[in-house]
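Student: Turn this into a structure:
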Amino acid sequence: MAERLRRHFRRLRRTSAGFVTIGLICTVVSAMVLTLFGLRAIGGSLDIFDGNVWLSSSASGSTQRANVNSGKVDMRYTLKDARNHDLAVAQTDNNLLLHDRTTGIVTSVNLSTLSSSASLSVPPGAGSSVAMWKNRVVLVDSAQGTIQRLNPDNLTSKSPPLHFTPGFLPGGFDNDGRYWLASTTEGAAIAVIPDENSMQLRVDQKVSATKPNHRLKLTVLNQGAAVIDETDDAVIVIKGNQTRRIAVPNLDSSIITARTTSSTIAITVPNSREIVLLDGDSVHGFTVDGTGPLGEAAVFAGQVYVADSSATQVLELDISGKVKNRIATADSGGAVSLEQREGVLVINEPRGPAGYLVSKTHQITKITKYTDGGAGPEEDTVASNGPKQKAPTPTTAPPQPQRQADRPSNASAPPNAPPTGNSDTTPPRSSSTSNPAPSPSAPRNDKPRVPAPPVLKNARGGDGQITLDYYPPNDTGGAKLEAIDIYCNGSRVIHDVHSGSGKQNASFPARNNVACTLQGYAINSAGSSAAALGGAITPRPISPAPQPSPAPSPIPLAPTGVRAALTGGQNVQITWNAVTVPAGSTLDNYVVFQCDENALVCVRLFSTKNTNYTVNERSANPSRGRFKVAAVIDGKESAPSAPSNAVSWR
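Tutor: Down below sits the predicted model:
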């Protein structure tokens, strides 16, 4: 019995120890969960960052990676031949996109290996841009009115772009992964969202914000967007299905950051040095002391930061407009950007040698982007400022698009242009010198690329249709061409999946008297090409052939045989001979005139289709006179006839 009790207590102790162990694990895990997710319940959101920001430097044609905690630059990526170019940076925790807006070259950098993985050539200038949210990248071409999703690793796409009215205002992604843009032509704010299971884009929301053709500005919020209507002095805030319109005076020529991360929207009126703050439906503002126009402003951690380039500084102000701090900037002649990234406010002067990071406690860390006057290597390189053994080893630089100087001397014609000889049936042949064979040491890249655009030619409008010729591209990207798609005003009208090697001819229905802007895309397994432009064509109805006008009717002859006779009661009856009516003509009527005795002064009395007319004695004046008659045929009146005999009455 005693032995059974001892065995029972030993089992109980082992079981209890298990309970204690499990309980301890649960307690620790629960504490971690409460620590992690309790913050979300208290603070509203949980931000997890990798602690690195990239700053662009136009002078050196490079970007620098700075640690937000130490403020040290530990990595620099320099683009070949990009010194003094306009550079833009888009980053997530996994990817970095570098956009040289001077040349139009976009380079993708894999941040896990710090190696460039692909490059893409887009139209130069501010009309094209790239935006990134998590692993979603969109290529925006506001000049052509297109948005297309790209693979962040190879910058290709397998889906055609969405089409909007050209000239829209590009925006950016909100925290829900929706890309916002504003159409000034329509007066609408539009949200585009990438599909979760494909590379397709779709319109998620379209809000009528203003009247068409107003002067607009756009800023993207954490959820939604705000449209500044400078024409009507109003701000339209769009969040979910709610739209609020707030009257704000004097918004002409305003400036606003492309992305607003604070709940307070800051708008700068540069010339009057005014800052307007919108917090919900509350609107207030203040004027900043000083001279010269202000730059963009941002609200960060309860303070207002605004670029004052005239005084080479960025001002930190409280909500009432009181200056709390002045951050000196270089006199580079360029704009200063303010952007919240990685939990800090990034102040960057792309043309200057330094940037600043502002923490949520308003501690300022200066970032020295370069110390060599902007000089750098003339090739794509990754350079580390840390110990050499820790520097990542870059892989092969991405292939660069062919530059003008690299093209053969006979490449003056546009790419893929059809032959210019008498025959228009044979597509152009590729020049053997335009793609020299790679050296034996050069790495091979057999991966398919997106094809070159097709060539659209000889578009012409008919009655209710448009006909055009098009050529498949010579460069199919190393893969079989799958299709050529042609769009009219953003709608696909031709889907050719059997494109031959020569000229193709096609027609499609189109509305008369409506201009059709043509764009063509070539598609292979790697994605869709850039757009080929075919111009704007307006079909017209075919007018019937003009019929010869009938010969004008001759002036009819005057009636003859006009006679006047008294009838009973002193009435006068006038009779005349009928006129001859030409074939195809119509007698309209006769016109009777009463004249004086000498037939010199005549008065129009009456019209009739008969060949006789009776004048009542009460209507005749004077008491002696003559009568004349004219004929009207096909609207033309003859000369009056010879006068009748004279008659007297009363």
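Student: now the strands for the stretch 251-400 of the chain?
Tutor: 264-269, 274-279, 282-287, 297-300, 303-308, 313-317, 323-328, 337-341, 344-348, 354-358, 364-368, 381-384 (DSSP state E, counting those that start in this stretch).
Student: Share the number of residues neighbouring residue 182, please.
Tutor: By other CB atoms under 10 Å, 25 other residues sit near residue 182. (Glycine included, C-beta is placed from N, CA and C.)
Student: quick thing: my sequence starts at 43, can you match it?
Tutor: Got it, the first residue is 43 from now on, which makes the last one we talked about residue 224.
Student: hey, what's it bridged with?
Tutor: On the basis of DSSP bridges, residue 224 is bridged to residue 211, residue 231.
Student: so it touches residue 209, yeah?
Tutor: No. Using CB atoms under 8 Å, residue 224 makes no contact with residue 209, being 10.5 Å away.
Student: where does residue 218 land on pLDDT?
Tutor: We have a pLDDT of 94 for residue 218.
Student: To clarify, my last question referred to residue 482.
Tutor: At residue 482, pLDDT is 37.
Student: Name the residues linked to residue 560 by a beta bridge.
Tutor: residue 530, residue 577.
Student: Name the spans of this protein whose pLDDT lies under the cut-off.
Tutor: Counting by pLDDT under 70, the ranges of the chain that qualify are 43-92, 155-158, 373-376, 413-488, 540-543, 586-595, 611, 659-664, 692.
Student: ranges for the helices of it?
Tutor: For the chain, applying DSSP state H gives helices covering 44-85.
Student: And the closest residue to residue 208 other than its chain neighbours, how far from residue 580?
Tutor: Spatial nearest neighbour of residue 208, excluding adjacent residues (CB to CB, 6 or more residues apart in numbering): residue 187 at 3.7 Å. As judged by CB to CB, to the nearest Å, residue 187 and residue 580 stand 18 Å apart.
Student: Looking at those two, which is more packed in?
Tutor: Set residue 187 next to residue 580 and count neighbours by other CB under 10 Å: residue 187 wins out with 23 against 13.
Student: Look up how far residue 565 lies from that one.
Tutor: Look at residue 187 and residue 565: by CB to CB, they are 19 Å apart.
Student: for residue 334, same thing?
Tutor: 51 Å.
Student: Which one's more surrounded, those two?
Tutor: Under the neighbour definition other CB under 10 Å, residue 334 and residue 565 were set side by side, and residue 565 has more, 25 against 11.
Student: what residues are up against that one?
Tutor: Residue 565 sits next to 200, 202, 493, 523-527, 571 when contact means CB atoms under 8 Å, 6 or more residues apart in numbering.
Student: likewise residue 254?
Tutor: Remark: with contacts taken as CB under 8 Å, 6+ apart, residue 254 is in contact with 226-229.
Student: circling back to that earlier point, so the residue nearest to residue 208 versus residue 496, what's the distance?
Tutor: Residue 187 is 19 Å from residue 496, by CB to CB.
Student: just the strands in the stretch 93-242 of the chain please.
Tutor: For the stretch 93-242 of the chain, applying DSSP E, counting those that start in this stretch gives strands covering 94-99, 104-109, 115-120, 129-133, 137-142, 147-152, 157-163, 170-175, 178-183, 188-192, 204-205, 211-215, 221-225, 230-236.
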